[in-house]
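Asker: Next one to model:
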Amino acid sequence: MPQFSDTIIGLFNKREVTGEGGLLTGTDPSAFDVSDPLRLWIIQVGVIIMMAQLLSLGLRRMKQPKVIAEVLGGILLGPTAFGRIPGFTQHIFPSQSLPYLSLVANIGLCLFLFIVGLEIDASVIKRNARLSATVSLAGMALPFGLGSALSLPLYHHFISPSVQFTHFMLFTGVAYSITAFPVLCRILTELKLLDTTVGIIVLSAGVGNDVVGWTLLALSVALVNAGSGLTALWVLLTCVAFTIFLLLVVKRVMLWLARATGSTDNGPTMFYMTVVMILLWACAFFTDIVGVNAIFGAFLAGIIVPREGGLAIALTEKLEDMVSIIFLPLYFTISGLNTDLGLLNDGITWAFTIAIACLAFLGKFGGCTIASRLSGFSWREASTIGALMSCKGLVELIVLNVGLSAGILSPKVFSMFVLEALTLTFMTTPLVTALYPPEWRVTATSGGAPPQTHDEEGSVDKKSFVNEEPPWRYRFTVVLDKLEHMPCMMALTQLVRPPVSDFSSFTTVVSTSAASDPALLKYKTPEVSISALRLIELSDRTSAVMKSSTADTLIHTDPLLGIFRMFGELNDLPVSTSLTIVPYDDLVYNVVDHAKRNASQLILLPWLPPCAGTTETNESATPRREKFDHNPFEAIFGTSRDKSASAIHSQFVRGVFAQSKTDVALFVDPGNFLNTCAGTGGSHHVFLPFFGGPDDRLALEFVVQLCANPKINATVVKMEKHKIEHTQIERPPSAHSDLKADINLLVLPHHMSSMMAFPDTVYGHANTQMRIQSETADSIIWSQYAGRNLSDSDIPGPLRAALSRITFANLASPTPLHAAIQRASTCQRVLVVTGRSKRLAVEDHHAELKDLVEEHRVVGHEMISKTIGDVATAFVVSGCASAMVVLQAANVEME
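Answerer: Model prediction:
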């Protein structure tokens with residue numbers, strides 16, 4: 001019994017002695033303790049992530065992949081830069097802590113190689129087997145030969161004789177012949193090359209190169225770890241047998257299990273994720289114990305995961321954030337701690353470093369360029385393929401670290417090769433941009449073969465509209481970006497749809513009277529063309545790149561396109577769909593370019609102004625953009641901006657207005673249209689306040705086209721501003737008090753008022769001659785529609801029917817915005833159509849709009865005004881409109 005008591009007392013005494021002091025007791029928080037390494041590990045992770053994020057903010061502006069920032073961060077934290085600060089390495093990265101850091105980094109590396117395996121799609125190689133095999137083999141054979149040749153002088157100058165030359169030569173050849181497939185996918189996606197002939201061939205060749213490269217590296221590791229050639233052969237045969245077992249047996253079992261658990265339909269279940277993780281570490285364990293690195297087993301596990309139902313993408317989404325944010329930077333820091341560019345301190349070393357970089361680039365670039373040229377590509381396309389395939393990235397760094405840990409490479413040679421990999425990866429994006437600008441790109445066909453060149457006749461057919469005379473427009477580009485915008489787009493598409501039955505009867509009249517009046521031949525039955533463009537932002541995640549590489553299948557499964565396609569079928573509308581996945585900064589260009597390529601006459605955009613009940617507070621099926629998550633460092637680089645969804649979408653809308661050479665129609669839903677107008681099957685009343693200018697002229701033509709629908713009638717009021725003393729305009733009646741109550745909730749954050757990050761749209765200065773021409777055009781179009789006698793026989797039937805449903809009036813007032821709102825308030829279920837009037841505006845409504853804002857107690861209207869103009873903002877603030885359509889005419893003067 002006393003012995004038991006002494007034992008218990010001893011345990012408590014031991015606990016008291018080993019108790020750890022905190023910061024308040026004067027303990028150094030960076031002091032390393034073997035029994036508790038977590039504290040220092042957290043400090044290391046914080047320093048590494050902050051360094052990588054800071055560098056990526058600057059390099060992002062240079063269109064460089066994130067891996068450049070991570071590699072540079074690791075090098076700077078090593079002995080090259082920060083390691084020269086006295087006490088930095090001893091406190092932050094002491095040698096005793098590196099095994100723990102290395103363990104976590106290697107766990108992350110296995111997960112990363114698993115994601116790389118998930119990215120590889122065998123169907124890509126099958127579709128372009130002949131061309132991709134030629135480019136891939138040429139891009140490996142020539143660099144391998146040059147690397148093997150250069151290894152001889154490198155071995156004699158820098159490598160210890162204890163290392164076998166054949167091992168060093170093999171590692172050098174593999175490092176030269178490898179291509180960074182994950183970085184290559186990112187570059188192809190950001191440069192919008194995935195749908196070009198060059199992009200498809202590079203992607204296919206990159207997949208093949210990646211698989212062969214990892215196989216060669218596995219063979220190299222097996223040779224190094226084996227004591228004899230016979231042992232190496234056994235290791236190789238064991239790995240081959242294991243790979244065949246995985247591909248033929250385990251892959252089928254995983255597919256069966258995915259279908260049985262419903263993972264292919266609803267995403268991976270918890271049970272399926274557990275099985276995948278067990279398989280991942282089991283494969284890594286097996287390849288490690290047989291004498292090959294564990295990363296090869298992880299790579300094989302990723303390859304055998306089924307691709308059905310987007311399962312591979314869903315698995316990537318569950319793993320990628322932790323891997324890219326924490327694990328990979330840790331691995332690059334371990335690599336950077338082993339890289340000391342200070343060792344490159346003499347002329348012969350720098351000469352070899354330059355030779356390594358030049359031969360590595362010439363081998364890849366020359367081999368792939370020549371193979372592509374012999375396959376039928378032009379010199380420009382062939383050189384672009386060579387430049388893309390020369391991208392090294394993190395894959396070569398993995399190869400180099402394996403060689404360093406195996407003792408094949410010395411620290412000096414390792415640093416030389418790291419500098420070469422960094423240089424070639426940095427060169428890829430600017431070189432490809434210079435060699436292959438957008439005007440030279442050729443879009444690939446569905447089969448991957450180069451398409452037929454667009455002939456002139458086809459271009460003319462696209463631009464030969466149904467009727468060159470205004471106001472009819474039949475070719476539309478509909479922009480789909482979020483689920484909450486779908487009702488707006490369907491409502492606007494239904495409104496602008498011309499009544500085909502009226503035109504069909506008119507066509508019969510044309511056919512009987514064409515002989516007597518040849519001018520009527522230009523009127524034909526309209527062929528409505530609606531091109532739905534689905535926009536998906538390319539984020540920094542690997543899964544986004546995987547989605548972009550499978551855009552040809554995603555276009556058939558995307559829910560937004562499926563909804564709009566069904567809407568077209570139900571309303572007998574011919575809808576063609578397309579999908580683009582690009583960075584946020586390129587969204588505007590893609591919309592403008594798509595409208596130009598499809599010869600669209602009108603771009604249809606949605607916008608929900610910032611008010612209560614929009615996407616700011618509710619949860620949507622479409623997630624908010626990851627790119628605009630709060631980043632405290634963005635303010636340092638001048639990229640701080642408002643993060644609300646409406647403000648972000650407002651910037652996109654203004655970008656389309658500024659860059660479009662096509663007429664644009666913006667549907668603004670303050671939240672009332674879909675509630676007060678259940679569907680578009682009922683009648684509608686349209687109200688247009690006509691102030692003048694190119695945008696208002698387009699709005700007038702738009703209203704005339706809307707009224708071709710017998711269920712729509714309109715009131716068009718020509719507004720004039722003049723001074724009348726001691727006259728007050730009545731405020732709108734209280735019939736819309738419920739709508740006004742909703743609009744009074746339209747309160748934006750106080751900091752949004754300045755909107756420094758959202759500059760207004762700027763157009764060229766209008767001289768006196770331009771203004772006179774614009775005023776003359778206003779008078780002509782007003783007399784063309786308002787002053788036309790409907791009994792004239794020269795008026796086409798559809799136009800006569802449309803004008804008969806429009807009431808034209810003139811209204812003069814010292815406060816035209818108040819007068820227009822009062823006039824519109826007399827109508828029920830009113831759809832207000834206005835011009836944006838940012839260019840060649842006849843009146844300046846800024847002072848009156850300010851009074852309206854004060855009357856309705858609305859805060860932060862600046863963003864709305866900059867987006868849709870002062871007139872439209874007045875109607876949004878007043879709340880008298882169920883919905884609005886804001887139009888801007890094609891900005892042809894800027895050309």
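Asker: Show the residue spans covered by the strands in the stretch 751-895 of the chain.
Answerer: 806-813, 830-835, 883-888 (DSSP state E, counting those that start in this stretch).
Asker: With distance to Gly46 and mean neighbour count added, can I get the ones you listed in TSV?
Answerer: Backbone N, C-alpha and C define where each C-beta goes, glycine included. Listed next are the strands of the stretch 751-895 of the chain as TSV, based on distance: least, C-beta to C-beta, whole Å; neighbours: other C-beta atoms under 10 Å:
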stretch	distance to Gly46	mean neighbour count
strand 806-813	64	15
strand 830-835	53	28
strand 883-888	48	26
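Asker: Just put these in a markdown table and tack on mean pLDDT and distance to Ser97.
Answerer: What follows is the strands of the stretch 751-895 of the chain, written out as a markdown table (pLDDT from 0 to 100; distance: least, C-beta to C-beta, whole Å):
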| stretch | mean pLDDT | distance to Ser97 |
| --- | --- | --- |
| strand 806-813 | 88 | 77 |
| strand 830-835 | 89 | 66 |
| strand 883-888 | 90 | 61 |
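Asker: which stretch among the ones you listed comes nearest Thr557?
Answerer: For Thr557, the closest of the strands of the stretch 751-895 of the chain is strand 883-888, at 30.9 Å, according to C-beta to C-beta.
Asker: Partner strands of that closest one, with direction?
Answerer: strand 663-668 (antiparallel), strand 830-835 (parallel) (DSSP bridges).
Asker: Quick one: the ones you listed as TSV, columns for distance to Ala714 too.
Answerer: Below are these laid out as TSV (distance: least, C-beta to C-beta, whole Å):
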stretch	distance to Ala714
strand 663-668	16
strand 830-835	8
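Asker: Touching, Val395 and Gly213? I think so.
Answerer: Yes - Val395 is within contact range of Gly213, at 7.1 Å (criterion: C-beta atoms under 8 Å).
Asker: the more surrounded of these two?
Answerer: Val395 (26 against 23; other C-beta atoms under 10 Å).
Asker: Met254 is in contact with Ala308, correct?
Answerer: No, residue 308 isn't Ala; it's Glu. No - if you go by C-beta under 8 Å, Glu308 and Met254 don't touch, sitting 10.4 Å apart.
Asker: out of the two, which sits in the busier spot?
Answerer: Ranked by neighbour count (other C-beta under 10 Å), Glu308 and Met254 place Met254 first, with 21 against 13.
Asker: Would you mind measuring from that one to Phe114?
Answerer: Per C-beta to C-beta, to the nearest Å, Met254 is found 13 Å from Phe114.
Asker: same deal with Glu381?
Answerer: If you go by C-beta to C-beta, the gap between Glu381 and Phe114 works out to 34 Å.
Asker: Same check on Phe242?
Answerer: Counting by C-beta to C-beta, the gap from Phe242 to Phe114 is 16 Å.
Asker: same check, this time on Ser177
Answerer: 23 Å.
Asker: ok, now Asn209?
Answerer: 19 Å.
Asker: can you pull out the strands in this protein?
Answerer: 475-480, 529-537, 575-582, 602-607, 663-668, 684-690, 712-721, 806-813, 830-835, 883-888 (DSSP state E).
Asker: nearest to Pro153, of these?
Answerer: strand 575-582 (45.5 Å).
Asker: Which residues does the closest one contact?
Answerer: Residues from elsewhere that reach strand 575-582, judged by C-beta atoms under 8 Å, 6 or more residues apart in numbering: 189-190, 192, 529-538, 544, 547-548, 551, 554-555, 558, 561, 564-565, 567-569, 590, 594.
Asker: Report the buried residues of that strand.
Answerer: Across strand 575-582, burial judged by 16 or more other C-beta atoms under 10 Å covers 575, 577-582.
Asker: and that strand with strand 529-537, angle?
Answerer: In terms of direction (axes from the mean of the first three to the mean of the last three C-alpha atoms, to 10 degrees), strand 575-582 departs from strand 529-537 by 20 degrees.
Asker: Just checking: what are the partner strands of strand 575-582?
Answerer: Partners of strand 575-582 in its sheet, by DSSP bridges: strand 529-537 (parallel).
Asker: Okay, buried residues for the strand it pairs with please.
Answerer: Result for strand 529-537 [16+ other C-beta under 10 Å]: buried residues 529-537.
Asker: Need the overlap of contacts for Val395 and Gly213.
Answerer: Contacts common to Val395 and Gly213, judged by C-beta under 8 Å, 6+ apart, are 178-179.
Asker: May I have the residues that are in contact with Thr429?
Answerer: 62-65, 187, 190-191.
Asker: okay, it: pLDDT?
Answerer: Turning to Thr429, the model gives it a pLDDT of 88.
Asker: Pro65 versus that one, what's the distance?
Answerer: Thr429 is 8 Å from Pro65, by C-beta to C-beta.
Asker: Which neighbours do the two have in common?
Answerer: In contact with both Thr429 and Pro65: Ile187, using C-beta under 8 Å, 6+ apart.
Asker: got the phi/psi numbers for the residue most central in space within the chain?
Answerer: Nearest to the mean C-alpha position of the chain, by C-alpha atoms, centre = their mean, lies Leu538 at 2.1 Å. With angles defined as degrees, to the nearest 10, Leu538 sits at phi -80, psi 110.
Asker: Quick one: residues contacting it.
Answerer: Leu538 neighbours (C-beta under 8 Å, 6+ apart): 189-190, 544-545, 548, 581-584.
Asker: where's it relative to Ile115, distance?
Answerer: 17 Å.
Asker: coming back round to it: against Ser548, how distant is the residue nearest to the centre of the chain?
Answerer: To Ser548, Leu538 is 6 Å away according to C-beta to C-beta.
Asker: Could you do Asp794 as well?
Answerer: On the measure of C-beta to C-beta, Asp794 and Ser548 end up 53 Å apart.
Asker: the more surrounded of the two?
Answerer: Neighbours per residue (other C-beta under 10 Å) separate Asp794 from Ser548, with Ser548 holding more: 23 against 8.
Asker: what bridges to the residue nearest to that one when sequence neighbours are not counted?
Answerer: Leaving aside its sequence neighbours, Ser548 sits nearest to Ile581 (C-beta to C-beta, 6 or more residues apart in numbering; 3.9 Å). Using DSSP bridges, the bridge partners assigned to Ile581 are Ile536.
Asker: What distance do you get for Ile581 to Ser878?
Answerer: In terms of C-beta to C-beta, Ile581 sits 40 Å off from Ser878.
Asker: per-residue confidence at Gly206?
Answerer: At Gly206, pLDDT is 82.
Asker: contacting residues for it?
Answerer: So Gly206 contacts 136, 179, 181, 184-185, 389 (C-beta under 8 Å, 6+ apart).
Asker: I'd like those residues laid out as a markdown table, including distance to Gln96 and neighbour count.
Answerer: Output for the contacts of Gly206, formatted as a markdown table (distance: C-beta to C-beta, whole Å; neighbours: other C-beta atoms under 10 Å):
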| residue | distance to Gln96 | neighbour count |
| --- | --- | --- |
| Ser136 | 44 | 28 |
| Thr179 | 37 | 29 |
| Phe181 | 36 | 24 |
| Leu184 | 38 | 29 |
| Cys185 | 38 | 24 |
| Met389 | 42 | 29 |
